[in-house]
Structures are given as structure tokens and as C-alpha cells.
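Asker: just the structure for this:
(chains A and B)
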Amino acid sequence: MDSALTEISEFIQAIPPMDLLPSNIIEQVVKEISICYVRRGQSLPPEGIVEANLYILRKGALSYVTENDELLGKYSEGDICTAFCLNNDDKAKVTSDEDTLLYSINYHNFHQLVSEYPDVLAFFQQTSEQRLNKKMLQVNEDAILNSSLLNSSIAHFCHDPVFTVSPDTSIQQAAILMTEQGFSCLVIVQNDQLLGIVTDKDIRRRCVAQGLGIEQPVSVIMTDDMATIDIKSTAYDALMMMTQKHIHHLPVTADSQLKGMVTVTDLMNNEGQNAINITSIIHKAKSVDELIEISSMIPKLQIRMAKLGTTADHVGKSISAITMAFTIRLIEMAEKLLGPPPVPYAWLAAGSQGRQEQFAHSDQDNALIISNDMQPQHGYWFKDLATFVSDGLAACGFIYCPGNVMATNPQWCQTQKKWSQYFAQWINTPDPKALMHCSTFFDLITVYGESNLLEQVRVKMLKKTQSSTLFIAHLSRNALNLRPPLGFFRDFVLIQDGENKATLDLKHNGIAPIVDLARIYALSEGISSVNTIERLKQAAGTPSLTKASAANLIDAYEFLSMLRMMHQANKLQKGQQPNNYLSPKDISKLEREHLKDAFKVIKTMQDSRQSTY
Amino acid sequence: MLNHHPLTRWLFGYEAQRKRMLKRAPEGPLRDFLSVPFPPLYTPLNCIPILAVDFETTGLDAVQDKLLSVGCVELNFNQIKLGSSYHQIINAKGSLKANNVTIHQITDDQKDQGQPLAEVIEQLLKRLAGKVMLVHFARIERQFLRQACLELYGMAPPFPIIDTLVVAKRRLDKRDVAYDPSELRLLALREKYDLPEHYAHNALNDAIATAELLLAQLSERSKDLSLQQLIL
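Answerer: Coordinates of the predicted model:
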């Protein structure tokens, strides 16, 4: 082709979605171009053009505003203005901010040229939500292809049959059976009912070490308070349960019937250098120094998972699981040092760890909930525990919480009763300070100890939030303080008032607004989950959130989290501190389009929240 | 520079000349060209049918030097129609001077693959019929085109021309402030109007660049202007 048109072709071909077109189609698209010049302050379409057209900016700038002059977006060099593609009744206006050179293309002719390229057509025909959904479907497919245990069903890991014996089988007979079959555990069953489990360890600790007769029935040494997992769960769920309960064998059930057994080894063999492996080493660590050494693997794991195409959700869960393992191990060490707890308690994780959305180098947000039987003199034990664990976590790279949301802070080391009072107070008097605490403490989970302590508080709390419209209204208004940007203008982030910023704060301008929205839906619908995606899934179809909106928010959340994960992985790989700030220069044109779509989804949901209250 | 006063007589001159020559012109491309009337002088700016043209040549002398390539594109209703673009390398006699090759980047090999002058001029006249020719610095294009017509048809027709250089110059002259003549170069003027950089010294590319420049120049002029105020 003529070199003049080659130059224009290259310009066009670099712009998504045109990059999906082969050069012979691009050549034909170029032939459809009419070059127009629009003087500053004039509105589009240019004089003399009445038909539906798309406009590609070669030079200059355009503003896209509503009927009421509210800025919707700006276009600059290399942007495609689709506002006039379809002759719709959109009342929005486009005016030029600078003298602008435009490539205008008749949309009807363009449509015919690219009719065999559905991905290109989709760009012009689909809504933001549809485009984002498509992008995330593709991301998720990739993740499944690269899948690890995090999204594999437990069915792929568990083995059957499981050897079962009746409770009156002797310990020796059980041991012989285990040796013959090469199993490290047996399940005790009576009349199709699961009674308990017996492992190698039980025989050693509860029989041999105690001098118990081997002719005794196995039921004497079995663990009867047995944890089981449903076959529909993921391997990740199994990992979480094993980490939390500190067990290595987990019977798998379907409709309460024993189906198989999954062990830590099963999960580990499948993964090599991975989250499970790390959690398992953590359990075996004997000193804080050893833990510190292990902690250096977390950034590497995060890089590896990100590069493998794991979704941000899975990375967040893995890192959270590892933090949990560190915390549990440190608590165990502390208890060994301090002696057993004077009264029941639980160690809680708040914020991103609570939501299981943690990335490497997050700060620690934690708290203690203690039985109401606590006496004043017990305070020392808990203070020592908190100090030991918190210092240990800090040594392992989880920096102290700048807001002092830590178990070492007496305010957050309280009895169950006091916690209930806190929540009641925050809900009844939602002043700014209370609302600030909401984002942290409404996302609590139990890491170690008596989980009932927190769950009882939560049940009461959710009952209150559901009926307190005033509280939800305040929370909603507060959440609207963080607004997503409008899009991009040249190499800048374009915000609401038309100002430009040099960097995009993925956390505050994208992820946090969705986390806040999800929390509001959960609290108004009495949903106990704290993980953002889980909250959105459960809120879907309730009066607070339509199913379609939930799906859109999940797509937007996953996309933003993925960008953040990739950005952080790149930083970590360069040995830099990961952060949430992305320079538009580092975002491809295509990613910018997807980001704009995500911002639009957030804005739509925030606006509808605003109109509700 | 040609004296363009009085304007009215000038244009009557073009149309009158065209009609006179039409009677004498031989059958063929030139006659076809002459049989289409030029747009009248009072045609409003945005309705003038324009063909932006650029030549690459071996030198500045229309008699001694050769025409190497022709590029052109239509400009109608303030829109440059890329679908109408035409670019052709001419198979001229004689080999290329080395120092010129670096400017226009047409090598001997490419030139040999070009078309004969007669065919290229025929194509150009076909596109130019009934239109105003747009060039930047008219001297080259006018002289080479006249020379080619003289060689091919024994006579050179009139060509109404808009010259972006002259449009810019008239404006600068009006301000009565001294200026550097280099400000009138195509690249400099495009930069002044914030037009994008372009790959210069390709005939079609320069034709498009000239057309874009005219759009920018016209955007700051009153819409009531007509061909009369623009023509050379």
C-alpha cells in the first residue's frame, strides 16, 4: 500500500479493538476514512455529517458531557468516540476542547467491513457491563486451564474406598488393617453412621504411649468430634479446614455418606511449591526465626501465582491462608510459653485478612475476643499473647497496623460482651469514627480459638444492621466518598471534576468502593460472609442487589484485583515494595478500555445506592 | 508571485480560457478535462470541489528535471476522502540523481516499475476535471503540470489553484510583522496548527498533509468566504 496510507493504517491498527483485524481489512477501513478538522469549542458531529459515524481522534481532545453538562469522559489521540455510532436518543453532547483532527468513518460501512469479526463488532455494540463480563469470562477460563488445587473440586483429590471398621474392632486389628492396606487412618462406622476417625498418631499417643491394651476397642482412642467436608467443596476449602482445625486427615462426604478421604499429603503432592506446602512447613516450624525464614517465600509465591494466571481471588485466599497459618503457629508458640489460656478466647483477623483478600506485605489487622468469664488478672496473659504474636507477625513481614487495629491495643482485646456493646454503639450512633471502624470490624473472622465467641456476636450484630436503615444510610453515604475515576485522558487519570491525576489508585478508586458496596449489601441483608465476592454472590437476587448487578460488580472487582495483582507481582519481581498505584503509561490501551468499563459499573451501582438513600 | 488583481477578471480569465481552448483541444484526456466547467468564483468555501496534489520531482526546473511521482486526494465539504486517494510512480527516462533519492526515496528500481508519464497525467487530469487544485507552494506543481501537458498534448490548460503557502502568507502580510520565510514551509505551518507529524516526501502523504493544513486554515476563517478569497 502507499506509504501515506501505511502510516494511517499503522495508527488505526494500534487501537483496540482494531488490532484484532487483519491488515487487508484495515486497508479497507482506511479507505473509508474522511479526515475532518473541528475547531476548539465546536460540537460533534462535524458540519455536514448526518449519518451514524465513529470518530477516531488523530490529534486534539474531545469532552463527552450529559445534557446537564456533567462530564462523562474525554477522548484524546488514539481514542475512538462511539457516541455517534448508533442513531440513538442519547442526549449526551461531545465538544472539542482543542482544535481536533478526526478520522471519521461511516458506521454502516464499517459494520459491513468487520462483519466477520464478532469481537470487533462487540466493542461497538456491547455495553460496558457486557464487555467487562466477556473479558472476565476469558480471564477465568485461562485461570481454570492453569488451575491448581484452589479451584479444583475435592473430588479430584480424595481417594476411595476408605477403610471403615466398627467401634468394637480391637486397636490391634485396626493397626493390622492399616498396615496391610497402607493407610494412615481408618473411619469408625456403626449402622452407616460416622462415629469417628483413628490415625497413626492416635495409636501412638493414645494407646502405646499411655500403655493402653491393644485388645481394647478402637472407639477408646478414636477422635469422635470428627470434621468432615462435603464432596462439592474445593480443595481450597479442605486446606482451610485442615489449617484451622490443625488436622491432616479429612473424611469427604456426599449427603452425609462417607465417600472418601483427603489428606494433607494428597494436596501437597499435587502442588509442589505452593500455598499448601508453605502452610505445612509453617506448622512444623519450631521457632520464630524459622517462621521469618519461611515468610520470605510469600512474595515469591504471589509472583508465581500471578504469573501462572491464577485469579486474584485465589491469590488473596492463599496469602490469607498462609497468614492464618503463621498466626496460628505463633499463637501455639505463645501458649507453650505462657501456659494454657485462663479462659476461652479467639484470635480474630479483620480487614483484608478477614475478607481473605490479603496480598503480600499487607499490614496486620487483628483483635481478640475473650469469654465473658474473663477476670481482671487474666488481662496480662492476653496482653503477653497479643504482644508475642503481633511482634512475630511483624518480624515475618506483616507490618504493624498504622491505625493500631491490633490485639495489642487494649481497645480491641475485649470480652464478648464488650464487643457486642461496640457493635451496638456503632450501629446506633453511626458517627464518622464509628463508620471508620465499620470497614475493619464488620469483616472479622476467627483465626484461632473458640469461633462461637465471634459468631454469637455476629448474629446479634446482623439482626441489628438489617433493621437499622439509619445506619445503612450513613454507611452508604460514607461509601460514596470514594468515587471511581471517569476514565483516562492522554496519559492521565480523569476524575469527576475534569481534573487529571498522574496515577491511578487501584485500591481507593476501584477495589475499596466495591468492597464497601458488598459490605453494605451484606449488612442490610443479614449475610454473615465477609469475603467480597462471597457477599456479592449471596446478596444477588435480594432486594439490595439484582443478580445482574451482582455479576457486574464481581466482574469489575475481579478485573481490578487482577490488575492490582499483576502490578504487585511486577513490583515484587523487581524487588520493589508493592503498592496500589498504577501509572496510565503502564496500562495498555485495551486495559484502559476494560478499566473504564469497570469504573462505569461501580459508578452505576454507587449512583443507585445514592438514590436509594 | 503572480499579481492576482483584479480578482474578477482572473477567474473570468480561467473559464474564458477553458472555453477557448476546448474548441482547439485534440480528442483525448485534455479535451475531457477541458469539457468540465470550473466551479464559479462565488462558490462558498465548504462547497468547492478540491483535489489536493503533490509531485515529487528530480529537481526544480520543469524543462530539465523529471516528474517522479504524483499523489492526490479529494477534499469535499471539508472532508478529506481517503478512499479517493491516488498515488503513482512515473517511469521517467534517465536515471535518478543520488542526492535526490535521499529526499523522495524513490529508487531506480521502483521508478522502473512505474507507469509512463502519459498514463499518469491522464489519470490526474481525469481527477482534476471541474475541481480546484490544492497545493503547497504552487510553482512546482503548476510548472511541471504545464510542461507535461505541453509535451503530451501540445498545449497547457488553465488550472485554478489554491496554495496553502499563499493563504498563510496573505495572513502574515496582513499583520504587517516581519516573519521568517521558513515559517511558510509545510512542516512549520502544520506544527503551528498542531497537526500531527507526517511522513514527508511521499507525494500522496504530502497531498493529504496539505489538505489537512487547508482545513485547519479554513477553520479560523469566516464561513461566508468564497473561492474568490482563496484562489491564487
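Asker: domain assignment for chain A?
Answerer: A:3-123, A:158-269, A:274-424+A:441-456, A:460-612 (automatic domain parsing).
Asker: closest to chain B out of the ones you listed?
Answerer: Checking these against chain B by CB to the nearest CB gives domain A:3-123 as the closest, at 3.5 Å. Where C-beta positions appear, they are placed from N, C-alpha and C, glycine not excepted.
Asker: quick one: the closest one near chain B?
Answerer: Yes. Domain A:3-123 is in contact with chain B by CB under 8 Å from any CB of the partner chain, via A:3-5, A:7-8, A:30-39, A:46-49, A:58-60, A:98-99, A:101, A:104.
Asker: okay, and which of the residues you listed map to strands?
Answerer: Among the residues of domain A:3-123 next to chain B, the ones falling in strands (DSSP state E) are A:33-38, A:58-59, A:101, A:104.
Asker: need the residues you listed in CSV with pLDDT and neighbour count, can you?
Answerer: Output for those, formatted as CSV (pLDDT from 0 to 100; neighbours: other CB atoms under 10 Å in any protein chain shown):
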residue, pLDDT, neighbour count
A:I33, 96, 24
A:S34, 95, 24
A:I35, 95, 21
A:C36, 94, 25
A:Y37, 94, 28
A:V38, 93, 27
A:R58, 94, 21
A:K59, 93, 19
A:L101, 95, 23
A:S104, 95, 23
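Asker: close to chain B: what parts of chain A are there?
Answerer: A:2-5, A:7-8, A:30-39, A:46-49, A:58-60, A:98-99, A:101, A:104.
Asker: what about 7 Å?
Answerer: A:2-5, A:7, A:30-37, A:39, A:47-48, A:58-59, A:99, A:101 (CB under 7 Å from any CB of the partner chain).
Asker: isn't A:A394 up against A:Y400?
Answerer: Yes. Assessed by CB atoms under 7 Å, A:A394 is found in contact with A:Y400 at 5.5 Å.
Asker: all helices of the stretch 51-200 of chain A, in order?
Answerer: A:107-113, A:118-125, A:128-145, A:171-181, A:200-202 (DSSP state H, counting those that start in this stretch).
Asker: wait, what's in contact with A:M605?
Answerer: A:M605 makes contact with A:517, A:549, A:553 under the criterion CB atoms under 7 Å, 6 or more residues apart in numbering or on different chains.
Asker: the last one: neighbouring residues, count only.
Answerer: Number of residues near A:L553 (other CB atoms under 10 Å in any protein chain shown) recorded here: 28.
Asker: contacts only, for it.
Answerer: Per CB under 7 Å, 6+ apart, neighbours of A:L553: A:514, A:517, A:536, A:601, A:605.
Asker: over to the first one?
Answerer: By CB under 7 Å, 6+ apart, the contact set of A:L517 is A:479, A:553, A:605, A:609.
Asker: from those, which land in helices?
Answerer: Among the contacts of A:L517, the members falling in helices (DSSP state H) are A:479, A:553, A:605, A:609.
Asker: tell me which two in those residues are the farthest apart.
Answerer: A:A479 and A:L553 (12.8 Å; CB to CB).
Asker: flag the shaky bits of the chain, pLDDT-wise.
Answerer: All of this is about chain A. A:1-4, A:87-91, A:140-151, A:268-274, A:308-309, A:361, A:612-613 (pLDDT under 70).
Asker: the chain in question should be chain B.
Answerer: B:1-12, B:92-109, B:111-112.
Asker: residues from it in reach of chain A?
Answerer: Counting by CB under 7 Å from any CB, chain B sits next to chain A at B:71, B:77-83, B:85, B:87, B:193-196, B:198-199, B:202, B:204-205, B:208, B:212, B:215-216, B:219.
Asker: repeat that with 6 Å
Answerer: B:77, B:79-83, B:87, B:196, B:199, B:202, B:204-205, B:208, B:215-216, B:219 (CB under 6 Å from any CB of the partner chain).
Asker: now do the same contact list for the spatially most central residue of chain A.
Answerer: Residue closest to the mean C-alpha point of chain A, counted by CA atoms, centre = their mean, is A:D313 at 3.9 Å. For A:D313, the contact set (CB atoms under 6 Å, 6 or more residues apart in numbering or on different chains) comprises A:I533.
Asker: now name the helix or strand holding it.
Answerer: Element membership of A:D313 [criterion: DSSP states H and E] is helix A:312-338.
Asker: buried residues in that helix?
Answerer: A:312-331, A:333-334 (16 or more other CB atoms under 10 Å in any protein chain shown).
Asker: swap in stretch A:107-118?
Answerer: Buried, per 16+ other CB under 10 Å, within stretch A:107-118: A:107, A:109-111, A:113-114, A:117.
Asker: circling back to that earlier point, tabulate the contacts of A:L553 (a markdown table), appending secondary structure.
Answerer: Converted to a markdown table, those look like this (DSSP: H, G, I helix; E, B strand; the rest coil):
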| residue | secondary structure |
| --- | --- |
| A:I514 | helix |
| A:L517 | helix |
| A:L536 | helix |
| A:V601 | helix |
| A:M605 | helix |
